[in-house]
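1. Let me see the structure of the following:
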Amino acid sequence: MTDVNEARAGKVAVVDEVRERLSSTEAVVLTEYRGLDVPALAELRRALRDAGGEYKIYKNTLVRFAVQELGLDLEDLLIGPTAMAFVGEREDGTAGDAVSVARALREFAKDHESLLIKGGLLDGKRLGAEEIDALAQIAPREVLLAQLAGAMAAPMQQFAGLLQALPQNMAYALKALIEERGGVVAPADADAADAAGGDDDAADADAADGAETEVADADAAADEVPAEVADADKTEEAADEAAAEETDAEADAEAEDTEEG
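-> Numbers count the residues shown, from 1 in each chain. Prediction:
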């Protein structure tokens, strides 16, 4: 009875282990290892360990319990002697990846036809044997990262090249602009141009002074006109006064003559 309980506890522990591995792994590949001897299996385990994988053999019945509990679509692959390659951790502590594990299995199968890749899971998605083979042909993560870094560095190099060429391009542009405007003005020519500009300025100043003089003369003439009008008004007033006095004298004379008569 004790042996039965121990056996049952051992099976339960295996189911729990398989369930935990399936729940925590990035990917798993199911293989049939019929025909592989012990040295070959040891070689395969070593190759997978270097790639960041772990090769485990469980009884199909126990794996089936774990698969059913997790609701994974793997039961049809649990036929015949089955071993599972989990993505895990490399010996140097770095994380493995599905591409490296799939590549290790593919390379091993080239030399050992007894190894049959059935299918597997990648992030919970079912993969067939052909899809795993295609996954194995993807470039390693290190190569992909190097390619990504190169793609990111290319625009920076182009930008640096543009910055380096900018002063030279500015020099070409200035040269083209100078040639378009007739070249660089020599110092003597510049003095002549300044002298000509000075003469023009003097002429403009004379013209401005003349215009101001004409305006001043016009203002003076305008001031003289009211004075002449005022003088004429005064003369006319004096004449009127004289005429009035003469009229009064005549009136007085006539009045005296009338009184005498």
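2. Which helix or which strand is home to Thr31?
-> Using DSSP states H and E, Thr31 maps to strand 27-32.
3. whoops, Glu113 was the one
-> Using DSSP H and E, no helix or strand contains Glu113.
4. how much space between it and Glu32?
-> 12 Å (Cβ to Cβ, to the nearest Å). Every residue, glycine included, has its C-beta placed from N, CA and C.
5. Looking at these two, which is more packed in?
-> More neighbours surround Glu32 than the other of Glu113 and Glu32, with 17 against 8 (other Cβ atoms under 10 Å).
6. Pull the contacting residues for Ile117.
-> Val29, Leu30, Thr31, Leu105, Arg106, Ala109, Ala129, Ile132, Asp133 (Cβ atoms under 8 Å, 6 or more residues apart in numbering).
7. Kindly indicate which of these lies nearest Ile79.
-> Comparing the contacts of Ile117 against Ile79 with Cβ to Cβ places Leu30 closest, at 10.0 Å.
8. Report the beta-bridge partners for the closest one.
-> Beta-bridge pairing for Leu30 (DSSP bridges): Met84, Gly119.
9. Could you number the chain from 452 rather than 1 from now on?
-> Sure thing, new numbering starts at 452, so read that last one as Leu481.
10. That one: neighbouring residues, count only.
-> Using other Cβ under 10 Å, Leu481 has 22 other residues around it.
11. That one and Asn511: what is the separation?
-> Distance from Leu481 to Asn511, by Cβ to Cβ: 10 Å.
12. what residues do those two have in common as contacts?
-> Listed as contacting both Leu481 and Asn511 by Cβ under 8 Å, 6+ apart are Leu529, Thr533.
13. any idea which helix or strand comes after the strand holding Thr482?
-> helix 489-501.
14. can you pull the buried residues of the very next helix or strand once past that next one?
-> In the C-terminal direction, the helix or strand that comes right after helix 489-501 (DSSP H and E) is strand 504-508. Within strand 504-508, the residues that qualify as buried are Gly504, Glu505, Tyr506, counting by 16 or more other Cβ atoms under 10 Å.
15. who's the first one bridged to?
-> This means Gly504. Under the criterion used (DSSP bridges), Gly504 bridges to Val538.
16. Next one: it from Ala460, what distance?
-> Here Gly504 is placed at a distance of 28 Å from Ala460 (Cβ to Cβ).
17. Helices of the stretch 452-601 of the chain, residue ranges please.
-> Secondary structure of the stretch 452-601 of the chain (DSSP state H, counting those that start in this stretch): helices at 453-475, 489-501, 511-521, 549-562, 580-587, 592-631.
18. can you give me the angle the first one makes with strand 478-483?
-> On the basis of axes from the mean of the first three to the mean of the last three Cα atoms, to 10 degrees, helix 453-475 is oriented at 130 degrees to strand 478-483.
19. Show me what helix 453-475 is packed against.
-> helix 511-521 (3 or more Cβ pairs under 8 Å, 6 or more residues apart in numbering; DSSP states H and E).
20. can you pull the buried residues of the helix it packs on?
-> Leu513, Val514, Arg515, Phe516, Ala517, Val518.
21. Output the buried residues of strand 504-508 as TSV; include the columns distance to Leu572 and pLDDT.
-> Formatted as TSV, these follow (distance: Cβ to Cβ, whole Å; pLDDT from 0 to 100):
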residue	distance to Leu572	pLDDT
Gly504	14	93
Glu505	15	93
Tyr506	16	94
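22. Now flag whichever of those residues is closest to Met535.
-> Looking across the buried residues of strand 504-508 and measuring by Cβ to Cβ, the closest to Met535 is Tyr506, at 7.5 Å.
23. Phi first, then psi, for Gly547.
-> phi -80, psi 180 (degrees, to the nearest 10).
24. measure it to Arg515 for me?
-> From Gly547 to Arg515 the distance is 26 Å (Cβ to Cβ).
25. do the same with Glu505
-> In this view, Glu505 and Arg515 are 20 Å apart by Cβ to Cβ.
26. same deal with Leu521?
-> 11 Å.
27. try Asn456
-> Applying Cβ to Cβ to Asn456 and Arg515 gives a distance of 22 Å.
28. And stretch 572-580, what's buried?
-> Buried residues in stretch 572-580 (16+ other Cβ under 10 Å): Leu572, Leu573, Leu578, Ala580.
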